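Enquirer: A structural model of the following input is requested.
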Amino acid sequence: MSFSSPELLWLALLALPELALGLRRAPRLARSLERLAGPRRRARAGAAYSALSGLGTACAALFLATAAITMAGPSWGARGAAAERRGLEAAVVLDVSRSMEATDAKPSRLQAAKGLVRSLLRSEAASGSEGSAFSLVAAKGAPVLLVPMTEDSFAFEDALDYATPDATTAPGTDLESGIRAGLASFTSSGAQGRILFLFTDGGELSGSGRRACEEAAAARARLVLVGVGGDEGALVPGPDGIPLAGPKGPVRSARDAARLKALASAAGGRYLDASDAGTGAALALELSGARGGGTRVEYQRVDRRGFFALLALALLVAAILCDLFSVRGARA
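Expert: Numbers count the residues shown, from 1 in each chain. So this is what the prediction gives:
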């Protein structure tokens, strides 16, 4: 048994003083009725009153306890019902590592990825579909959930501006933790479909993206990887805009399309090239296709307040009747 407002169960303690007072006053009232009844009916009047008075006191105390249980909202057992799956949840994971600031995609890899995300939001709004929710994760050496799952597209678009390399101070790139953060942003609302979009150049300095992709497949979340950048190594700018320097000269980064295709294959998902003209339309189709359909079974606790309310009412009526008949019986 569980209660929606368990703190109200303390009211059941009111039954104890009611029981104590009833037991305390019963002997005095019994003696008074015996004197009023006269010598011949004294024994019978006292016995009748004591029995009914005791029963009435017990009913009154039980009424208070049962009323407290009713107000606490008792429930037990579960009832299953078929419910239609509605809505769609889409997690957007943006790689915000320094390599995404390379300019082999205009104006930069990161800005090109954000442009595709904004285009996806506009196409979803234009479709008139309801119940679509989005979350935003900035992935770098450690992920940051910038926007939890929400249907507020304006808040989501505003948060896109904060998806930069400065969103997290953790260095490097860990796609595994970014994908896991995206999966964790899904809710238990029973949405029709779940889809995760990962925008990245494919570079990974730690973690195992393949392992995270397999987890996405196990969670039945559609995974779409969007490769951003060129196949030739591009200079990676630092925080001040000057190219980063490595042991062998300036640091360069190229999109690892082969690796991203392998990751998509591991998850049973899809790889898209951000530079292709049809990628925006393909993303919109993926979002629409993930919506799916069907039903699910929802289990809810069965509310038992009605049962206890009827029981409390019956006890109250019994307490009143016992009080009335105890006095009438003594006078008879």
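Enquirer: which residues of the stretch 201-332 of the chain fall in strands?
Expert: Along the stretch 201-332 of the chain, the stretches classed as strands by DSSP state E, counting those that start in this stretch are 222-227, 234-235, 245-246, 249-250, 252-253, 270-273, 295-303.
Enquirer: as JSON lines, the ones you listed with distance to D95, mean pLDDT and mean neighbour count would be great.
Expert: All C-beta spots, glycine's among them, are computed from the backbone N, C-alpha and C. Output for the strands of the stretch 201-332 of the chain, formatted as JSON lines (distance: least, CB to CB, whole Å; pLDDT from 0 to 100; neighbours: other CB atoms under 10 Å):
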{"stretch": "strand 222-227", "distance to D95": "10", "mean pLDDT": "93", "mean neighbour count": "26"}
{"stretch": "strand 234-235", "distance to D95": "15", "mean pLDDT": "90", "mean neighbour count": "20"}
{"stretch": "strand 245-246", "distance to D95": "20", "mean pLDDT": "83", "mean neighbour count": "10"}
{"stretch": "strand 249-250", "distance to D95": "20", "mean pLDDT": "86", "mean neighbour count": "10"}
{"stretch": "strand 252-253", "distance to D95": "11", "mean pLDDT": "88", "mean neighbour count": "20"}
{"stretch": "strand 270-273", "distance to D95": "14", "mean pLDDT": "94", "mean neighbour count": "19"}
{"stretch": "strand 295-303", "distance to D95": "33", "mean pLDDT": "59", "mean neighbour count": "12"}
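Enquirer: now render these as JSON lines, adding distance to P165.
Expert: Output for the strands of the stretch 201-332 of the chain, formatted as JSON lines (distance: least, CB to CB, whole Å):
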{"stretch": "strand 222-227", "distance to P165": "18"}
{"stretch": "strand 234-235", "distance to P165": "15"}
{"stretch": "strand 245-246", "distance to P165": "17"}
{"stretch": "strand 249-250", "distance to P165": "17"}
{"stretch": "strand 252-253", "distance to P165": "13"}
{"stretch": "strand 270-273", "distance to P165": "23"}
{"stretch": "strand 295-303", "distance to P165": "40"}
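Enquirer: wait, which of those strands is closest to W76?
Expert: Among the strands of the stretch 201-332 of the chain, the nearest to W76 by CB to CB is strand 295-303 (6.6 Å).
Enquirer: among the strands of the stretch 201-332 of the chain, which is nearest S188?
Expert: Once these are compared by CB to CB, strand 295-303 is nearest, at 10.7 Å.
Enquirer: may I see the domains of this structure written out as residue ranges?
Expert: Under the assignment automatic domain parsing, the domains of the chain span 2-79+302-331, 86-293.
Enquirer: highest average neighbour count across those domains?
Expert: Greatest average neighbour count among the domains of the chain goes to domain 86-293 (a mean of 19), per mean count of other CB atoms under 10 Å.
Enquirer: now stretch 118-135, how far from the chain's geometric center?
Expert: Its chain's average C-alpha position is 21 Å from that of stretch 118-135, according to CA atoms, centre = their mean, to the nearest Å.
Enquirer: got the CA positions of it in PDB?
Expert: Presented in PDB, the C-alpha positions along stretch 118-135 are these (Å, rounded to 0.1, in the frame of the first residue of the first chain):
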ATOM      1  CA  ARG A 118      18.100  25.400 -37.100                       C
ATOM      2  CA  SER A 119      16.900  24.200 -40.500                       C
ATOM      3  CA  LEU A 120      15.700  21.000 -38.900                       C
ATOM      4  CA  LEU A 121      13.700  23.000 -36.300                       C
ATOM      5  CA  ARG A 122      12.100  25.100 -39.000                       C
ATOM      6  CA  SER A 123      11.000  22.100 -41.000                       C
ATOM      7  CA  GLU A 124       9.500  20.500 -37.900                       C
ATOM      8  CA  ALA A 125       7.600  23.700 -37.100                       C
ATOM      9  CA  ALA A 126       6.400  23.900 -40.700                       C
ATOM     10  CA  SER A 127       5.100  20.300 -40.700                       C
ATOM     11  CA  GLY A 128       2.600  21.200 -38.000                       C
ATOM     12  CA  SER A 129       3.500  18.200 -35.900                       C
ATOM     13  CA  GLU A 130       2.700  18.400 -32.200                       C
ATOM     14  CA  GLY A 131       4.400  17.000 -29.200                       C
ATOM     15  CA  SER A 132       8.000  17.100 -30.500                       C
ATOM     16  CA  ALA A 133      10.600  17.800 -27.900                       C
ATOM     17  CA  PHE A 134      14.300  18.500 -28.300                       C
ATOM     18  CA  SER A 135      17.300  18.400 -26.000                       C
END
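Enquirer: which residues sit against that stretch?
Expert: Here stretch 118-135 makes contact (CB atoms under 8 Å, 6 or more residues apart in numbering) with 86-92, 145, 147-151, 153, 156-157, 160, 182, 185-187, 191, 197, 280, 283-284, 287-288, 291.
Enquirer: picking that back up, mean pLDDT lowest where, among the domains of the chain?
Expert: The weakest mean pLDDT among those belongs to domain 2-79+302-331, with a mean of 74.
Enquirer: contact partners for D201?
Expert: Counted by CB under 8 Å, 6+ apart, D201 has contacts D95, S99, M100, A102, R109, G227, V228, G229, S253, A254, R255, D256.
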